[in-house]
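Asks: sequence and predicted structure below; questions after.
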Amino acid sequence: MAHLSAAGLSGINPAIRQQGLVQKVDQRLPVANEYLLLSGGAREGVLDLNPEDLGNYAKGADFDLDFTLLVPALKLHDRNQPVTLDMRHSPPCHSWLSLRLCDSNVLSRWNICCQEENGLPTEEEEEEAEMGKGSIPSLGSPQSLDGCYFSPSLVTDWFWGVVSEAVEELRRSPQRGIPTPERLERNGPLTTIILQAGSSRVLYDLLPVVSFRGWPAVAQGWLTANHFWDGKITEEEAISGFYLLPCCSPLGGRPDREWRLAFSRSEVQLKKCIPFPMAQAFQAAKAVLARILARPRTGLSLYHLRTLLFWACDRLPAAYLSCSDADTPGRLLLGLLDDLAHCILGKNCPNYFLPQCNMLEHLTDSQALLVARKLAHVRSDPSEHLRAALDQAQQAGQLKKELATSTNGHGSPGHHPANGIISPSDDKLAQRLQQLVTENPGKSISVFLNPDDVTRPHFRIDDKFY
């Protein structure tokens, strides 16, 4: 995708080439794929994932830069391809996905990740069943969906296996331009890789997803409301597509069946419309909250703060959000903290795109009180907590400098350019991406990878090839 920050561009080259190796090991991924690279790891709240599954990594001690890469296992972008989200058995914002109506090639390619369902539950009332579609008509009989369910747990097992195999192959036979991973770990649905690139350690959270064009019927109500981004971006930009993440409901969801709807493409666009003072307040809130949410994880993540950011931008007057007074970011920071406290104590945080989904319904009273007490402590003196967060960031930067000095600027011990370390002069792909994104703002960029030669990708921008 073309929606990459400058920081994202520096990270996409090794990430894409790693996926080229995965494609060479296993041919199931789409050859012409559209990866969405998000600046920040999963622990930074870039995705709505269950926080207990994300693993513990500290900036400075474990990594210097972090990204999240959405890897479409299935790319269901053809409007003529019937696809129906089966929401009969899931809470809001979750769905099962049947591939029964897909063509035989898709079914044969992904049968290892499909499960048949015999005797689906029937006690749910039909009026509570909701069908979400990616711009295609509804199916008549619910029984026509039975079977061939694309299993998120099987997909993440498969993805972890092929990435592990690709990494082992890379360690046996290093390739120029592809760093050898220092660490490869599984964290719930995530495959986490830490690469040594020069003097920097780059963390990638890789997540297999299902990618759709269009907009699901279950979220049509969001389009009819007034939003802060109205007039700043087009509706086509705001609803260019959505994803299914391999993540089930925290309240008794089925990890073998249940996917979670995500609107990451839209969020990338909406963030561009947030007034600068509010963006400053959000970054400050993230900095102070990251420390209190890290340990222990209590069902609350920074994605909940991001959700409140969007709600606040919709609710507050644009003139207030954009006020140039020096104390505006401070007032907005306090407002975000108060909004979060209100949501925690009420155990209610509506999803921005699907307000019928309460993202904090799973919190227990004890969890809510624990986080509320921590938040009240931060709210009593936010400047002190912000200074502590800044000190921690400075210490992380100093630790990186010390590590670089101890290894003479060549990364961690034992790593040499022959092992695939990228130097800036060799990083042609990142430079090419920078040029393409700069010259084609807002356009969709696809990357074609030849599994037999992952060093030579090709790009498609809309309908043109490069």
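Replies: Now that the structure is in, tell me what you want to look at. Numbers count the residues shown, from 1 in each chain.
Asks: partner strands of the helix or strand where residue 193 lies, parallel or antiparallel?
Replies: Taking DSSP states H and E as the criterion, the element that holds residue 193 is strand 190-197. Applying DSSP bridges to the sheet, strand 190-197 is found paired with strand 181-187 (antiparallel), strand 200-213 (antiparallel).
Asks: got the CA positions of the first one in CSV?
Replies: Taking C-alpha atoms only, strand 181-187 is exported to CSV below (Å, rounded to 0.1, in the frame of the first residue of the first chain):
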residue,chain,number,x,y,z
PRO,A,181,16.9,-12.4,12.0
GLU,A,182,18.4,-12.3,15.5
ARG,A,183,15.1,-13.4,17.1
LEU,A,184,12.1,-15.2,15.8
GLU,A,185,9.2,-15.7,18.3
ARG,A,186,5.5,-16.3,18.2
ASN,A,187,3.2,-14.1,20.3
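Asks: before we move on, the earlier item: what does the strand holding residue 193 contact?
Replies: For strand 190-197, the external contacting residues (Cβ atoms under 8 Å, 6 or more residues apart in numbering) are 14, 18, 42, 49, 53-55, 57, 62-63, 156, 159-160, 163, 167, 179-186, 201-207, 411-412, 415, 421-422. Any C-beta I mention is one placed from the backbone N, CA and C, and that applies to glycine too.
Asks: make a markdown table from the strands paired with strand 190-197 and add mean neighbour count, distance to residue 344 and mean pLDDT to it.
Replies: Putting the strands paired with strand 190-197 into a markdown table (neighbours: other Cβ atoms under 10 Å; distance: least, Cβ to Cβ, whole Å; pLDDT from 0 to 100) gives the following:
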| stretch | mean neighbour count | distance to residue 344 | mean pLDDT |
| --- | --- | --- | --- |
| strand 181-187 | 17 | 24 | 92 |
| strand 200-213 | 24 | 25 | 92 |
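Asks: for the strand holding residue 193, what is the average pLDDT?
Replies: What strand 190-197 shows for mean pLDDT is 90.
Asks: same check, this time on stretch 346-356
Replies: Here stretch 346-356 scores 96 as its mean pLDDT.
Asks: and residue 286, what element?
Replies: Counting by DSSP H and E, residue 286 is part of helix 276-294.
Asks: what of residue 68?
Replies: Per DSSP H and E: residue 68 is located in strand 65-76.
Asks: show me what that strand is packed against.
Replies: Counting contacts by 3 or more Cβ pairs under 8 Å, 6 or more residues apart in numbering; DSSP states H and E, strand 65-76 is packed against helix 6-25, strand 32-33, strand 36-39, helix 104-110, helix 152-172, strand 200-213.
Asks: partners of whichever helix or strand comes after it in the sheet?
Replies: As assigned by DSSP H and E, the chain's next helix or strand after strand 65-76 is strand 84-86. When pairs are called by DSSP bridges, strand 84-86 turns out to pair with strand 94-97 (antiparallel), strand 131-133 (antiparallel).
Asks: would you single out the least confident of the ones you listed?
Replies: Note on the strands paired with strand 84-86: lowest mean pLDDT is at strand 131-133, with a mean of 41.
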